[in-house]
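1. attaching a predicted model along with its sequence, questions to come.
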Amino acid sequence: MSGPVPARASLLTPVGRGAIAVVAAEGDAARTAIDASFVAANGRPILQQPPDRIAFGHWVCGAHREEVIVIRDDDGGVEVHCHGGVTAAERILTAFAGAGCEVELWPERLDRTAASKIEAEADLALARATTRRTAAILLAQRAGTLSREVSGIRGDLASSRLAAARDRIDALLARAQVGLHLTEPWRIAIAGRPNVGKSSLINALVGYQRAIVFDQPGTTRDVLTADTAIDGWPVRLVDAAGIRETEDELEAEGVRRARQQLATADLVLWVLDAWELTGDPQAVMKQEWREAHGPTAASSLILTVVNKADLLPGDASQPPTDGVQFVSARTGERLAELIELIGRRLVPAASADEAIPFTRRQIELLSAAHASVVAGRANDATAVLWKF
Ligand SMILES: Nc1nc2c(ncn2[C@@H]2O[C@H](COP(=O)(O)OP(=O)(O)OP(=O)(O)O)[C@@H](O)[C@H]2O)c(=O)[nH]1
Ligand SMILES: [Mg+2]
């Protein structure tokens, strides 16, 4: 027989996001609170409700009655589902606390109840995942893909296959950026001369009117961002104001910030105007980059986007060139190709069934294990990997 379950209560759902809120509680004090406040529609006390089945009723608190569903399990745990929003859930949590339950934040609860550290981290990450693709990858890690790989590496170390272990750690570390971006958006800066259609392109990519579009150079004076998904990856599109020399102080500040956005972006889309294009798009992009940034070479993480392709005669078909995409933000022409190209550039390869470290803690452990393996200290590496 196990001892008494400590009484705890937690709000499991994020504040203000869903139509329902869920409060979980356990321990004798939790039952006391339920007995005092829950009136089941079938008139039975909670212990006479069948376990793991929903009991509909009301949470009664003074003159206030709130519709709820209560579910109990066999181990003294209960879940109360009430209307979403802050008030109802708070009233229920207060009742649990009043009966003697310790109120615990849900990340702490996850840490305590998860079967492993990776599982707890995956649950936290899943709550922040915004696309199916990223959620599928995280679910695979939660289901054991990452821990199996780590234990495979420990097996290599135990059998003195140090080179194999090192290669497998290298492969995991190579996916660290993808892993961190399962919960953090990739940052894509949209840059180029004034009036080429940067804001229009962002609007087209996001699918709604977000940035101000105006037929005058220098419309966007500050950095605007829009969050969306591209090819299943969460991205933050950053609208960099037209970079050029300016006397206007406010604009100069915008230019300074835009430059900073470019320096820190995961990918830059350098936008050209098809109507004004004279010569090879890549060469023009490099020329404009030099004008804006001085002699620093354009980084490889730049895609050249030739916008306003609808203004070109004929079907505007250009021979496909590596790193160049013709589009029309106005008509949506070739936007699908651009989206695919961005996806490939951002994340060269990632499949849901490979092991991917997805937290800084995991990446630090792998780096430490790597250093130990390289130094020939297999035992130290093994010890670090056990911390997974
Ligand atoms: N024909 C055509 N016009 C476009 C296209 N994209 C944008 N424009 C027009 O070009 C003008 C400038 O567009 P913006 O999106 O404001 O350009 P921008 O690069 O953000 O300009 P700044 O913020 O001033 O640097 C507007 O009149 C748009 O309607 C396109 O694909 N085709
Ligand atoms: Mg703009």
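-> Thanks, I have the structure now. Ligands and ions are numbered 1, 2, ... in the order given.

2. and the host helix or strand of Ile363, what's buried?
-> Assigned by DSSP states H and E, Ile363 belongs to helix 360-374. Under the neighbour-count criterion of 16 or more other C-beta atoms under 10 Å, helix 360-374 has 362-363, 365-366, 368-370, 372-373 buried. Where you see a C-beta, it was placed from the backbone N, CA and C, and this is true even at glycine.

3. among the residues you listed, which are within reach of ligand 1?
-> Among the buried residues of helix 360-374, no residue sits close to ligand 1 (C-beta under 6 Å from any ligand atom).

4. can you list the residues you listed in TSV and add distance to Gly232?
-> Below are the buried residues of helix 360-374 laid out as TSV (distance: C-beta to C-beta, whole Å):
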residue	distance to Gly232
Gln362	22
Ile363	22
Leu365	27
Leu366	25
Ala368	31
Ala369	30
His370	29
Ser372	35
Val373	33
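
5. chain center to the helix holding Ile363: distance?
-> 23 Å (C-alpha atoms, centre = their mean, to the nearest Å).

6. hmm, who's touching it?
-> 118, 121, 146, 153, 157, 162, 165-166, 169-170, 172-173, 176, 179-180, 357, 378, 380-381, 384-385, 387-388 (C-beta atoms under 8 Å, 6 or more residues apart in numbering).

7. if you set the cut-off to 7 Å instead, what comes out?
-> Applying C-beta atoms under 7 Å, 6 or more residues apart in numbering, the contact partners of helix 360-374 are 162, 165-166, 169, 172-173, 176, 357, 380-381, 384-385, 387-388.

8. which among those residues gets closest to Val324?
-> Lowest distance from Val324 to the contacts of helix 360-374 (C-beta to C-beta) belongs to Ala176, with 29.6 Å.

9. how close does the residue lying closest to that closest one once chain neighbours are set aside sit to Arg193?
-> Of all residues not flanking Ala176 in the chain, Ile363 sits nearest, at 4.7 Å (C-beta to C-beta, 6 or more residues apart in numbering). Noted for Ile363: a distance of 38 Å to Arg193, by C-beta to C-beta, to the nearest Å.

10. so Ile54 bridges to which residues?
-> When assigned by DSSP bridges, Ile54 has beta-bridge partners Ile71.

11. quick revisit: quick one: mean pLDDT for the helix holding Ile363?
-> Regarding helix 360-374, the rounded mean pLDDT is 98.

12. list the helices and strands the following helix or strand past that helix packs on?
-> Going down the chain from helix 360-374, the next helix or strand is helix 378-386, by DSSP H and E. With contacts defined as 3 or more C-beta pairs under 7 Å, 6 or more residues apart in numbering; DSSP states H and E, the packing partners of helix 378-386 are helix 145-158, helix 360-374.

13. could you look up the SS state of Ala189?
-> Under DSSP: H, G, I helix; E, B strand; the rest coil, Ala189 falls in the strand class.

14. who does it bridge with?
-> The partner residues for Ala189, given DSSP bridges, come to Val238, Val268.

15. return the residues in contact with it.
-> Taking C-beta under 7 Å, 6+ apart, one finds 238, 240, 261-262, 265, 268 in contact with Ala189.

16. need these in CSV (columns: pLDDT and distance to Arg290).
-> Shown next, in CSV, are these (pLDDT from 0 to 100; distance: C-beta to C-beta, whole Å):
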residue, pLDDT, distance to Arg290
Val238, 88, 21
Ala240, 79, 17
Gln261, 76, 18
Leu262, 80, 13
Ala265, 90, 18
Val268, 93, 14
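
17. what's the domain layout of this protein?
-> Listed by automatic domain parsing, the domain ranges of the chain are 8-113, 117-180+355-386, 191-346.

18. for the closest residue to Gly57 other than its chain neighbours, report the pLDDT, please.
-> Leaving aside its chain neighbours, Gly57 sits nearest to Ala40 (4.0 Å; criterion: C-beta to C-beta, 6+ apart). Per-residue pLDDT puts Ala40 at 97.

19. residues in contact with Ala40?
-> Contacts of Ala40 (C-beta under 7 Å, 6+ apart): 49, 55, 57.

20. do Gly192 as well
-> Counted by C-beta under 7 Å, 6+ apart, Gly192 has contacts 198, 270-272.

21. lowest average confidence, helix or strand, in the protein?
-> helix 249-264 (a mean of 73; mean pLDDT, DSSP states H and E).

22. low pLDDT regions in this structure?
-> Applying pLDDT under 70 to the chain picks out residues 1-4, 15-17, 208-223, 241-251, 254-255, 295-300, 314-320, 350-352.

23. in it, which spans are helices?
-> Secondary structure of the chain (DSSP state H): helices at 28-37, 86-98, 106-113, 117-128, 132-142, 145-158, 162-174, 176-180, 198-206, 249-264, 281-293, 335-346, 360-374, 378-386.
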